[in-house]
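Colleague: structure of the sequence below:
(one chain, ligands or ions: 1)
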Amino acid sequence: MDRLKDRVVVITGAGRGIGASCAKSMAAEGAAVVVNDLGGSVDGEGSDTTPADEVVAEIRAAGGTAVANHDDVSDFDASEQIIRTALNEYGRLDCLVNVAGILRDRMVFNMTEAEWDAVIAVHLKGTFNTTKFASIYWRTERQGDYRLINFTSVSGLSGAPGQPNYAAAKLGIVGFTYSCANALGRYGVTSNAISPGAGTRMGGTIPADRRRALGTDPNRSDDEMSPNNVAPPVVYLCSKDSGWLNGQVIGASGYQVSLFNQPEPIRTLQGKEPWGVDDMWTHMEKQFKSAVEHTTIYTSRAREEQGN
Ligand SMILES: NC(=O)c1ccc[n+]([C@@H]2O[C@H](COP(=O)([O-])OP(=O)(O)OC[C@H]3O[C@@H](n4cnc5c(N)ncnc54)[C@H](O)[C@@H]3O)[C@@H](O)[C@H]2O)c1
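Modeller: All right, here's what the predicted structure looks like:
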């Protein structure tokens, strides 16, 4: 019950879904939690203080410690207030968990500039915004055992065809996480990403055939797909005990918790002089084709299964 005792956590997008589950689990383990949520619709329209306030009320009713914040993570100045809420209320910040997210799905050829910008603003810029202000504090304090946890998605890791904005933002978050892992370690900060799967209002928008193409059983029960099942690895990552884990992507979906590999060359053509165009015709297909056929990226075969 006390695995996060004396830890102060900021969780964005914690009024609903996975963020709310993480907030409640962390509070149950003794953390003081800033529950941030703008409270808009799944496509990012509007705002409502109720979701964050209800999660805070639930945590307090269970004997935990929490305070609400209703700022928009895509707003640079407002993001400073999210971090300041932790410092003003609890005097410190140990963990930042960037969960907030929206969807505006469209095939790339139909996508509007506004749909692209809105999704990039909440996911990619929003993750930068809060991290920037948290990292200023961590770099000044240097007390160690700080944790940055960002949320990515199989959509980015596998290239969901109808989510070019979301996929780009979510894989951008992985690059951002790797950068922070390399940059902030010296200040006692670990940086990792979670790739979740859960039956939330957002998770419910993924069609069954796409889930099948991604290798997950679309018929998993509501119990298995509860967002509560994403919380345990996130709670572990927030603890002081996870200091050995840095720069990694952890999958958390249903009853599965996974460690992803990191992109690295799997075949290399090493020349002794510049390669010519004719050489590419000879060697690219010969050396790379058999390797590509075994990659797990969203292949043409998977697309065929989806009927596109
Ligand atoms: N559910 C899944 O299967 C799944 C899969 C892959 C990735 N994810 C990621 O996990 C995270 C949580 O998703 P979820 O399924 O719980 O979604 P959700 O819609 O249930 O919750 C997201 C929360 O973020 C809040 N939010 C949105 N924009 C915000 C903003 N600008 N500022 C502050 N709060 C904002 C919303 O109000 C909402 O409460 C997201 O980053 C999502 O991309 C979810």
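
Colleague: use CA for all of it now, contacts and neighbours both
Modeller: Fine.

Colleague: could you list the contact residues of this structure toward the ligand?
Modeller: 12-19, 37-40, 42, 44, 72-74, 99-102, 122, 151-153, 195-203 (C-alpha under 6 Å from any ligand atom).

Colleague: please repeat the previous calculation with a cut-off of 5 Å.
Modeller: With C-alpha under 5 Å from any ligand atom as the criterion, the chain comes near the ligand at residues 13, 15-18, 37-40, 72-73, 99-101, 122, 153, 196-198, 200-203.

Colleague: among these, name the buried ones.
Modeller: 13, 15-18, 37-40, 72-73, 99-101, 122, 153, 196-198, 202 (16 or more other C-alpha atoms under 10 Å).

Colleague: am I right that Lys132 sits in a helix?
Modeller: Yes: the assignment for Lys132 is a helix, going by DSSP: H, G, I helix; E, B strand; the rest coil.

Colleague: give me the neighbour count for it.
Modeller: The number of residues packed near Lys132 is 16, by other C-alpha atoms under 10 Å.

Colleague: how about the top helix by length along the chain: buried residues?
Modeller: In the chain, ranked by residue count with DSSP state H as the criterion, the top helix is helix 164-184. Within helix 164-184, the residues scored as buried using 16+ other C-alpha under 10 Å are 164-174, 176-178, 180-181, 184.

Colleague: same check on stretch 274-292?
Modeller: In stretch 274-292, counting by 16+ other C-alpha under 10 Å, buried: nothing.

Colleague: surely Cys95 meets Asp6?
Modeller: No: between Cys95 and Asp6 no contact is recorded; they are 11.4 Å apart, counting by C-alpha atoms under 8 Å.

Colleague: those two: which is more packed in?
Modeller: Cys95 (25 against 14).

Colleague: helices and strands of this structure: which one has the lowest mean pLDDT?
Modeller: In the chain, the helix or strand scored least confidently by mean pLDDT, DSSP states H and E is helix 300-306, which has a mean of 55.

Colleague: just the residues contacting stretch 232-243, thanks.
Modeller: Applying C-alpha atoms under 8 Å, 6 or more residues apart in numbering, the contact partners of stretch 232-243 are 3-4, 22, 25-26, 95, 145-147, 149, 190, 194, 245, 252, 257.

Colleague: ranges for the helices of the stretch 51-200 of the chain?
Modeller: In the stretch 51-200 of the chain, the helices defined using DSSP state H, counting those that start in this stretch lie at 76-90, 113-119, 126-141, 154-158, 164-184.

Colleague: need the contact list for the residue nearest to Cys22 when sequence neighbours are not counted.
Modeller: Distance criterion C-alpha to C-alpha, 6 or more residues apart in numbering; nearest residue to Cys22, sequence neighbours excluded, is Ala231 at 4.7 Å. Listed by C-alpha under 8 Å, 6+ apart, the contact set of Ala231 reads 18, 21-22, 25.

Colleague: give me that answer again for 7 Å
Modeller: Applying C-alpha atoms under 7 Å, 6 or more residues apart in numbering to Ala231 gives the contacts 21-22, 25.

Colleague: for Ser258, helix, strand, or coil?
Modeller: Criterion first, three-state DSSP; result for Ser258: strand.

Colleague: give me the nearest residue to it, chain neighbours excluded.
Modeller: Ser258 sits nearest to Gly251 (C-alpha to C-alpha, 6+ apart), 4.6 Å away.

Colleague: next one: phi and psi at the one you found?
Modeller: Per-residue torsions, Gly251: phi -90, psi 140 (degrees, to the nearest 10).

Colleague: mind giving me the domain ranges of the chain?
Modeller: Following automatic domain parsing, the chain resolves into domains at 8-259, 265-308.

Colleague: so where's the stretch 201-308 of the chain uncertain?
Modeller: Scanning the stretch 201-308 of the chain for pLDDT under 70 picks out 207, 209-216, 296-308.

Colleague: the helices in it, which residues?
Modeller: 208-213, 231-238, 277-292, 300-306.

Colleague: need the residue closest to the centroid of this protein.
Modeller: Phe151 (0.5 Å; C-alpha atoms, centre = their mean).

Colleague: what sits against that residue?
Modeller: Phe151 sits next to 98-99, 193-195 when contact means C-alpha under 7 Å, 6+ apart.

Colleague: chain neighbours aside, what residue packs nearest to it?
Modeller: Using C-alpha to C-alpha, 6+ apart, the nearest residue to Phe151 is Ile194, at 4.9 Å.

Colleague: alright, that wraps it up for me.
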